[in-house]
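Visitor: predicted coordinates and the sequence they were generated for:
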Amino acid sequence: MLPLSHNQIRAIRNEKRNLEVEVAKKLYGYFNAKYKYRIQKIVRILLNHILSARKQNDLNLILVGKKGKFLMFKQGVQASVHGLNQFLKREASWTLDQCSDMIRLFGEINEDWHKLGLSQNHEDGQKKLRPEPTFLKVGSGKPVKEGGWGKNFGHRHRGDKSVPQKTGEPFVNIGSIIRGIDKFQFLPKSVIAAIDRTFGLRPEGGDVSGTTTDSLYALRWGGGVSGLTQDMIKAIQILPLVTMVPQGHHTMVECAYPLSRHGVIDYHIGYYNTLAPKESPALFNTLLGPLDGSDKNKHILVWGHGSGEQGVQMDRQDEIAAFKKMARVLSAYGFCVTGGLSDFEQALNAVKTFSPAFLAPRLEQLRDQVGLSELERKFRQMRNRPR
């Protein structure tokens, strides 16, 4: 176990961000070769469902409002009923990005039918196809004692940036569309932001991905109607992560958390083989195994804030294996829901609670190096200066 300074943690965060985009790009290539035809088949069903709306004018109104949000509308697809009909005729040329856009558009349209009180062929489509998203507003939710998730589970807390940035590398080129990570910023009660800080990820701002939940249910419904096997449907349900992470709309953990909460995967932060669907893990082993063991993939635990943050890196194989339990995203939520780890003592207690017993004594041995408050560290530095 190695002690880490604030500057070292910052460098690891940047390196990790690039690695996670690389992981998603590798998955994209795999999906493009193995699953694109089947995904196109699902999208055709979803698109026909959208176009079956009784009131085409209502649908046109919704589509015009989506014009600046989707990559496909920058690639020659007109944001109108006519445009979607023309797009339907070009099925063989649909890219994976366009398919993912269409799946997310399907979810948003179902939500808009509901919110705007507009008519459609399937009046209960909102409840069946786009159920409660995987996040709640801060302070909302049904109490646990009444059978709900509780008021502090699954929420996201983000706001629009007044002046969105234009991020380039390491993401794929999406033209003039504003990336999600550029459009949004974390607000103080975001659990994902606390997870980012705690596990050495770079906080970006997209927060929990609601459109991942849209895609999840759209793929299940459309896959079932199209006659795909359950194993195949389960395999392609990580599509939102495969397409949105390379585009910079969401980070890996922002997509992997809702996928884990809905039981599709059981993601452990930084252990990329756990991105594979639970029912078919061997499917992705050849692809994800080497990325899992990359020199860029550093497993770290961080506490404190700003320039006062400190951390440790798991550097032995037994530590890396043991840390995996603590890095389970659904468990990490439990000790990040109140803002992450504020000091060494909280970090030590979290390690004792969520990791095999031998990790805590190793962390304890580093107390004099990373267990001091920022004030104490400054005092010792001043005391040790040559006179």
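Guide: Great, that's in hand.
Visitor: in contact with residue 80, which residues?
Guide: Contacts of residue 80 were listed using CB atoms under 8 Å, 6 or more residues apart in numbering, and they are 60, 63-64. Yep, even glycine has a C-beta here, placed from its N, CA and C like the rest.
Visitor: mark which of these are buried, thanks.
Guide: 60, 63 (16 or more other CB atoms under 10 Å).
Visitor: helices - which of the contacts of residue 80 land there?
Guide: 60, 63-64 (DSSP state H).
Visitor: which one of those is nearest residue 237?
Guide: Using CB to CB, residue 63 comes nearest to residue 237 of those, at 25.8 Å.
Visitor: for residue 106, see how far away that closest one is.
Guide: Using CB to CB, to the nearest Å, residue 63 is found at 12 Å from residue 106.
Visitor: cool, and residue 79?
Guide: Noted for residue 79: a distance of 14 Å to residue 106, by CB to CB.
Visitor: the more surrounded of those two?
Guide: residue 106 (27 against 20; other CB atoms under 10 Å).
Visitor: give me the pLDDT value at residue 257.
Guide: Predicted confidence (pLDDT) for residue 257: 93.
Visitor: which residues sit in contact with it?
Guide: Residue 257 touches 134, 192, 195, 208-209, 267, 329-330, 333, counting by CB under 8 Å, 6+ apart.
Visitor: check contacts around the nearest residue in space to residue 14 that is not next to it in sequence.
Guide: Leaving aside its sequence neighbours, residue 14 sits nearest to residue 202 (CB to CB, 6 or more residues apart in numbering; 6.4 Å). Residues in contact with residue 202, defined by CB under 8 Å, 6+ apart, are 13-14, 16-17, 196, 251.
Visitor: what helix or strand is residue 202 on?
Guide: Using DSSP states H and E, residue 202 sits in no helix or strand.
Visitor: hmm, back to that, if any of the contacts of residue 202 are buried, put those into a PyMOL selection.
Guide: Selection of buried members from these for PyMOL, criterion 16+ other CB under 10 Å:
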select buried, resi 13+16+17+196+251
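Visitor: so which residues of the stretch 151-300 of the chain form strands?
Guide: In the stretch 151-300 of the chain, the strands defined using DSSP state E, counting those that start in this stretch lie at 158-160, 184-186, 300-303.
Visitor: tell me which of these approaches residue 337 most closely.
Guide: strand 184-186 (14.4 Å).
Visitor: residues making contact with the closest one?
Guide: 157-161, 192-193, 203, 205-207.
Visitor: apply 7 Å and report the result again.
Guide: Under the contact criterion CB atoms under 7 Å, 6 or more residues apart in numbering, strand 184-186 has outside partners 157-161, 193, 203, 205-207.
Visitor: closest to residue 95 out of the residues you listed?
Guide: residue 206 (21.9 Å).
Visitor: contacting residues for that closest one?
Guide: Applying CB under 7 Å, 6+ apart, the residues near residue 206 are 180-181, 184, 249-251, 254.
Visitor: what's the pLDDT at it?
Guide: So, for residue 206, pLDDT stands at 89.
Visitor: what's the answer for the one 3 residues further on, then?
Guide: Residue 209 carries a pLDDT value of 90.
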